[in-house]
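Q: Dropping the sequence and predicted coords here.
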Amino acid sequence: MKEQTPQGGRIINNGSISAHSPRPDSTAYTVSKHAILGLTKCTSLDGRKYGIMATQLDIGNAMTDLASQQAKGIPQADGSIKVEPMMDVENVAKSVAFIAGLDKGADVLQFTVM
């Protein structure tokens, strides 16, 4: 993006609600999502002079094949197992389209959809 003419572009990193509200027994996943937040912030800062913008899209409970097990209930901080609300994955696609469609004068550092 620095080398192209014109310079710039938009990067959307796949974050997670876990970067803000981790689940029990999810240390490795939560650490990786915290790392994505640091990567996004540094990319946004370093890329600014080249017109490069970076966003962390934090997605919560989207109904995908991978998340289908959550419909049965997942561990909570109090040790209980509870079913949590799920959203249609179409909301994630619409969020990506929204962020990608912003003009160059707008930067969104973090975006949460749940």
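A: Nice, thanks for sending it over.

Q: Which positions in stretch 10-21 come out as buried?
A: Arg10, Ile11, Ile12, Asn13, Gly15, Ser16, Ile17, Ser18, Ala19 (16 or more other Cβ atoms under 10 Å). Where C-beta positions appear, they are placed from N, C-alpha and C, glycine not excepted.

Q: end to end, how far does it reach?
A: End-to-end distance of stretch 10-21: 26 Å, with Cα to Cα, to the nearest Å as the criterion.

Q: Other residues contacting that stretch?
A: Residues outside stretch 10-21 that contact it (Cβ atoms under 8 Å, 6 or more residues apart in numbering) are 1, 26, 29-30, 33-34, 36-37, 39-40, 43, 47, 52-61, 96, 99-100, 102, 110, 112, 114.

Q: mean confidence for that stretch?
A: Here stretch 10-21 scores 91 as its mean pLDDT.

Q: so what does the longest helix belonging to the chain touch, helix or strand wise?
A: When the chain is parsed with DSSP state H, its longest helix is helix 27-47. For helix 27-47, the packing partners by 3 or more Cβ pairs under 8 Å, 6 or more residues apart in numbering; DSSP states H and E come out as strand 9-14, strand 52-59.

Q: okay, the angle between it and strand 9-14?
A: On the basis of axes from the mean of the first three to the mean of the last three Cα atoms, to 10 degrees, helix 27-47 is oriented at 170 degrees to strand 9-14.

Q: Report the buried residues of helix 27-47.
A: Thr30, Lys33, His34, Ile36, Leu37, Thr40, Thr43, Ser44, Gly47.

Q: Save the helices and strands packed on helix 27-47 as a markdown table, and put in distance to Asn91 too.
A: Converted to a markdown table, these look like this (distance: least, Cβ to Cβ, whole Å):
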| stretch | distance to Asn91 |
| --- | --- |
| strand 9-14 | 15 |
| strand 52-59 | 9 |
